[in-house]
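Student: Below: sequence and its predicted model.
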Amino acid sequence: MVLTMAVVQERTLALCLNLMLVFFIVSSIATTLADLQRFDHPAKDDGSLSFLVVGDWGRRGFYNQSIVAREMGKVGEKLDIDFVVSTGDNFYEDGLKGIGDPAFEESFTKIYTAKSLQKPWYSVLGNHDYRGDTEAQLSPHLRNFDSRWICRRSFIVNTEIAELFFVDTTPFVDDYYTDKDHSYDWRGVTPRSDYLHNLLKDLEIALKDSNGKWKFVVGHHAIRSAGHHGDTIELKKYLLPILRANNVDMYMNGHDHCLEHFSSLDSPIQFLTSGAGSKAWRGDIKNASQNEMKFFYDGQGFMSLQLTNSAELAQIVFYDVSGNVLHNWSFSKLPFSSF
């Protein structure tokens, strides 16, 4: 059969269009699937685990960031910590400008210099990080500058006795999409609805499949907070039901520049805010039920979490900028109770 030039051109055009369509679909899927990469970080030989939690810190040492870092080093040595959790807003005011941005070294490497802090830093993005080059902050190339840095949108850290589920919370917040004063780098999270749907689905599956005795979820934004920003409505609507349904023990966050502890009245979830790594002292507090709010401190500091070698007991401690203990809370895994 002899094909005319017109037919050949028509079929060639159709083939090109089909290939373009396939490429578009594959690209869309690739950019909207949640990235739940898994990192294995075994607990100590005796089965115990300890780590520090700090957020909202990256200010080149200013606003007492360096002093908080010094006290973190002391507590980290005392507890023999396994790693550090960062709850986001890692670099102010507008994230990193690129992989070679000196803010990475000036706000991280040169600040957290204590020997005990030379452990992996598992970090999520905050809303201020989204104002910069998010791809740069997520880039594995930053580990060439500082091998401690591990930052992903959403991921899992498996310690055998506990699993930590890190969740990218900034794309949940409606206000950032109508903010006329700042621009946000939404690459990798569009279309938004697809991204959030896949993230919640992947998180739910991972929580259901988890074999960890303890389940901790980490995000930047608060679900429960009496601080400046307060509760994040979108997280209460979409994320909280999944945490409740899957027996999550703790939700840890930053965003509000304070230290807080809330206990859920209808589930075993403890809500812990550690967003006081640098600038704090906002001077405002929202009303909260005394039955829920166990602790609130409007100042700089950080938090530690320890699991005993039997993995039945968890202890959280909040410290101020001078390393003084502000709040100490222990609770057992079985049965769910606090004392």
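Tutor: Great, that's in hand.
Student: can we go C-alpha only for contacts and neighbour counts from here?
Tutor: OK.
Student: Once you drop chain neighbours, what's closest to Cys151?
Tutor: Nearest in space to Cys151, with sequence neighbours left out and distances taken as C-alpha to C-alpha, 6 or more residues apart in numbering, is Ser123 at 4.7 Å.
Student: Tell me who's in contact with the one you found.
Tutor: Each residue near Ser123 by C-alpha atoms under 8 Å, 6 or more residues apart in numbering is listed here: 85-88, 149-152.
Student: Now with 10 Å, please.
Tutor: Ser123 makes contacts with 53-55, 84-90, 138, 149-155, 166, 218-220, as judged by C-alpha atoms under 10 Å, 6 or more residues apart in numbering.
Student: now Gly219
Tutor: 86-88, 123-126, 153-154, 165-170, 235, 251-255, 273.
Student: Those residues in helices, which ones?
Tutor: Among the contacts of Gly219, the ones falling in helices (DSSP state H) are Leu235.
Student: filter the contacts of Gly219 to the buried ones?
Tutor: Buried positions within those, assessed by neighbour count (16 or more other C-alpha atoms under 10 Å), are 86-88, 123-126, 153-154, 165-170, 235, 251-255, 273.
Student: quick one, helices of the stretch 151-300 of the chain?
Tutor: For the stretch 151-300 of the chain, applying DSSP state H, counting those that start in this stretch gives helices covering 192-209, 233-238, 240-245.
Student: Pull out the buried residues from the last one.
Tutor: Residues 242-243 are the ones in helix 240-245 that count as buried (16+ other C-alpha under 10 Å).
Student: which residues are in contact with it?
Tutor: 200-201, 203-205, 207-208, 215-217, 223, 234-236, 248-251, 264, 266-269.
Student: Any stretches of the protein with poor pLDDT?
Tutor: 1-35, 334-339 (pLDDT under 70).
Student: okay, now the domains of it?
Tutor: Per the record, the chain has its domains at 1-32, 36-338, by automatic domain parsing.
Student: looking at these, which is buried most?
Tutor: The highest average neighbour count among these, using mean count of other C-alpha atoms under 10 Å, belongs to domain 36-338 at a mean of 19.
Student: If it's not too much trouble, I'd like the helices of the stretch 151-300 of the chain exported to TSV so that distance to Val75 sit alongside each entry.
Tutor: Listed next are the helices of the stretch 151-300 of the chain as TSV, based on distance: least, C-alpha to C-alpha, whole Å:
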stretch	distance to Val75
helix 192-209	30
helix 233-238	32
helix 240-245	30
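Student: mind checking which of those is nearest Gly277?
Tutor: helix 233-238 (22.9 Å; C-alpha to C-alpha).
Student: so Gly73 makes contact with Phe51?
Tutor: No: using C-alpha atoms under 10 Å, Gly73 is not in contact with Phe51, being 11.5 Å away.
Student: Name the residues contacting each of those two.
Tutor: Common neighbours of Gly73 and Phe51 (C-alpha under 10 Å, 6+ apart) are 79, 81, 117.
Student: quick one: contacts for the closest residue to Thr159 other than its chain neighbours?
Tutor: Excluding its sequence neighbours, the residue lying closest to Thr159 (C-alpha to C-alpha, 6+ apart) is Pro42, at 4.4 Å. Neighbouring residues of Pro42 by C-alpha under 10 Å, 6+ apart: 48-49, 82, 157-162.
Student: so which two of those are the farthest from each other?
Tutor: Ser48 and Val157 (15.4 Å).
Student: thinking again about what came up before, for the residue nearest to Cys151, give the beta-bridge partners.
Tutor: Judged by DSSP bridges, the bridge partners of Ser123 are Ser86, Cys151.
Student: Tell me the spacing between it and Trp57.
Tutor: 12 Å (C-alpha to C-alpha, to the nearest Å).
Student: what do these two both touch?
Tutor: By C-alpha under 10 Å, 6+ apart, Ser123 and Trp57 have these common neighbours: 86-90.
Student: my guess is Thr273 meets Val54, correct?
Tutor: Yes: contact between Thr273 and Val54 holds when scored by C-alpha under 10 Å: they sit 9.0 Å apart.
Student: Overlap of the contact sets of those two?
Tutor: With C-alpha under 10 Å, 6+ apart, Thr273 and Val54 have common neighbours 87, 252-254, 259, 302-303.
Student: Distance to Val189 for the residues you listed - can I get that in TSV?
Tutor: TSV is the format used below for those (distance: C-alpha to C-alpha, whole Å):
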residue	distance to Val189
Thr87	19
Met252	22
Asn253	21
Gly254	21
Leu259	30
Phe302	30
Met303	30
